[in-house]
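**Q** give me a 3D structure for the following:
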Amino acid sequence: MYDGVRVVDADGHLLEPTDVFEGRIDPKHLEHAPAVRRRDDGYAGMSFDGGPPPAPGDFGSGDAVVPGGIASPALRSWDDGMPGGFDPHQRIEDHELEGIDAAVMFPTLGLFAPLVPDPTAQTAYCRALNDFYVEYCSAYPDRLFATALLPLADVDGAVAEVERAAERGVVAMCARPNPDPFTKRQVGDPAYEPVFAAAAEAGLPICFHEGVNPMIPFAGMDRCQNMFDWHCVSHPFEQMLALLGLVRSGVMERYPTLKFGFMESNCGWLPFWLDRLDSNWNQLRRMVPDCKMLPSEYFMRQCVIGAEADERIVGAVADLCPGTVLWASDYPHYDAEFPGAVKEMFERDDVTDAQRAEVMAGNADRFFGLPV
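**A** Next up, the predicted model:
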């Protein structure tokens, strides 16, 4: 706790070790899969094409998983990432330093699962990583809570993974908001209807989480030149479009108990986007017959959004969209603030004590069904 208030990190990340797939998957499924691989010189880094990782350029793979690491890159190997990302015991020590009581864990490498081209291989890939995520969190089952990847290229496999995740105590499913790089399906595609039905039946939220990589299509990428552009654009734009697709296609109408999370995209766009969607629905609702209510009503009923400590607009969004804002650390990624993110949230004067209690824990506890 921090200053007597419960704190839940609604979006922290695990770091998958270089040997994460050993003994978990048939190696044939990794031939063209994203993985952390090692070069002959010992450097370990992300590889997206099945070959050895490229030599570090502007920054190393390890710099991307150390808070502040890309701002001051040391060309670190993946192994030199933040120890708490790999080791749950070290993570809990870091949580004690910050005052974090519980955390919901999202993937790092696993965010690039859609790049596995073969549907069967993608399911095996996600299953192997999901096993690791559950094992990591099992070290502190009352404090660390896993999310599980959805292999959406294989709908039957995704349904089976929802069912398996529910049996293993996972608190949410994780998917990218982007169009699939191979099937081109968007998040509201009718092909995913069995997945939505399974998640609703299991009572598991689906959380959308973007990741920076131009190999997976994102809105505006044709006008982006480097990672500065990618990171500014991809996270909020893709989440805005995912929300639009879910509302327009009637997914929220058909599954009123199915909850959705929009993670790591900042929260400031939410009031504007809901207002714009509502305005257009009022004028053009005949064009979206599967959307029966104001888009904002669906969001307020079923959805949440992540927010980080450095966002100046958190208090305003919490006021305009009460019950929907979840604080997240993004630890141990390069853009996380560590240590000090929790302290910053408690020192700001634009958030009331009641809002702070909800943003820092209450909303996340309800959304994920965490034990309190």
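**Q** in the stretch 101-250 of the chain, which spans are helices?
**A** With helices called from DSSP state H, counting those that start in this stretch, the stretch 101-250 of the chain shows them at 119-138, 155-167, 193-202, 227-248.
**Q** same question, the stretch 251-372 of the chain
**A** Here the stretch 251-372 of the chain has its helices, by DSSP H, counting those that start in this stretch, at 251-254, 269-284, 295-302, 314-320, 341-347, 353-357, 363-368.
**Q** in JSON lines: the helices of the stretch 101-250 of the chain, plus mean pLDDT.
**A** Below are the helices of the stretch 101-250 of the chain laid out as JSON lines (pLDDT from 0 to 100):
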{"stretch": "helix 119-138", "mean pLDDT": "98"}
{"stretch": "helix 155-167", "mean pLDDT": "98"}
{"stretch": "helix 193-202", "mean pLDDT": "98"}
{"stretch": "helix 227-248", "mean pLDDT": "97"}
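**Q** quick one, which of these is nearest to Pro83?
**A** Across the helices of the stretch 101-250 of the chain, Pro83 has its closest neighbour in helix 119-138 (13.1 Å, Cβ to Cβ). Where C-beta positions appear, they are placed from N, C-alpha and C, glycine not excepted.
**Q** for the helices of the stretch 101-250 of the chain, give me a markdown table that also has mean neighbour count.
**A** What follows is the helices of the stretch 101-250 of the chain, written out as a markdown table (neighbours: other Cβ atoms under 10 Å):
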| stretch | mean neighbour count |
| --- | --- |
| helix 119-138 | 21 |
| helix 155-167 | 19 |
| helix 193-202 | 19 |
| helix 227-248 | 20 |
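**Q** could you dump these into TSV with distance to Leu149 added?
**A** Shown next, in TSV, are these (distance: least, Cβ to Cβ, whole Å):
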stretch	distance to Leu149
helix 119-138	4
helix 155-167	7
helix 193-202	12
helix 227-248	16
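**Q** quick one: closest of these to His32.
**A** helix 119-138 (7.8 Å).
**Q** helices or strands up against the closest one?
**A** strand 102-106, strand 144-149, helix 155-167 (3 or more Cβ pairs under 8 Å, 6 or more residues apart in numbering; DSSP states H and E).
**Q** contacting residues around the closest residue to Leu258 other than its chain neighbours?
**A** Nearest residue to Leu258 in three dimensions, chain neighbours excluded: Ala200, at 4.1 Å (Cβ to Cβ, 6 or more residues apart in numbering). Going by Cβ atoms under 8 Å, 6 or more residues apart in numbering, Ala200 touches Tyr255, Thr257, Leu258.
**Q** now swap in Gly315 and tell me
**A** Gly315 neighbours (Cβ under 8 Å, 6+ apart): Arg348, Asp350, Val351, Thr352, Gln355.
**Q** now the fourth one. Its backbone dihedrals?
**A** For Thr352, the backbone dihedrals (degrees, to the nearest 10) come out as phi -70, psi 160.
**Q** spatially nearest residue to it (excluding sequence neighbours)?
**A** Gly315 (7.6 Å).
**Q** and the gap between that neighbour and Pro322?
**A** 11 Å (Cβ to Cβ, to the nearest Å).
**Q** Ser249 and Asp290 touch, don't they?
**A** Yes. Using Cβ atoms under 8 Å, Ser249 is in contact with Asp290, at 6.0 Å.
**Q** coming back round to it: can you pull the pLDDT of the residue nearest to Thr352?
**A** We have a pLDDT of 97 for Gly315.
**Q** again with Pro214
**A** 82.
**Q** now swap in Tyr43 and tell me
**A** Tyr43 is given a pLDDT of 96.
**Q** what's near enough to touch it?
**A** Applying Cβ under 8 Å, 6+ apart, the residues near Tyr43 are Pro53, Ala55, Pro56, Gly60, Ser77.
**Q** what do you get if the cut-off is 6 Å, keeping everything else the same?
**A** Ser77 (Cβ atoms under 6 Å, 6 or more residues apart in numbering).
**Q** check Leu111 too.
**A** So Leu111 contacts Gly211 (Cβ under 6 Å, 6+ apart).
**Q** how about the helices of the stretch 251-372 of the chain in TSV, adding distance to Leu111?
**A** Shown next, in TSV, are the helices of the stretch 251-372 of the chain (distance: least, Cβ to Cβ, whole Å):
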stretch	distance to Leu111
helix 251-254	22
helix 269-284	20
helix 295-302	23
helix 314-320	24
helix 341-347	21
helix 353-357	29
helix 363-368	19
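**Q** do you know which of these lies nearest Cys232?
**A** Set against Cys232 and scored by Cβ to Cβ, the helices of the stretch 251-372 of the chain come closest in helix 269-284, at 12.1 Å.
**Q** and the closest one, C-alpha only, in CSV?
**A** The C-alpha coordinates for helix 269-284 follow below in CSV (Å, rounded to 0.1, in the frame of the first residue of the first chain):
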residue,chain,number,x,y,z
TRP,A,269,-8.2,10.6,-26.3
LEU,A,270,-11.1,8.8,-24.6
PRO,A,271,-13.5,11.7,-23.9
PHE,A,272,-12.9,13.2,-27.3
TRP,A,273,-13.4,9.9,-29.1
LEU,A,274,-16.5,9.0,-27.2
ASP,A,275,-18.0,12.4,-27.9
ARG,A,276,-17.2,12.1,-31.6
LEU,A,277,-18.6,8.6,-31.9
ASP,A,278,-21.8,9.7,-30.1
SER,A,279,-22.2,12.7,-32.3
ASN,A,280,-21.8,10.7,-35.5
TRP,A,281,-24.1,8.0,-34.1
ASN,A,282,-26.8,10.6,-33.5
GLN,A,283,-26.6,11.6,-37.2
LEU,A,284,-25.7,8.4,-39.0
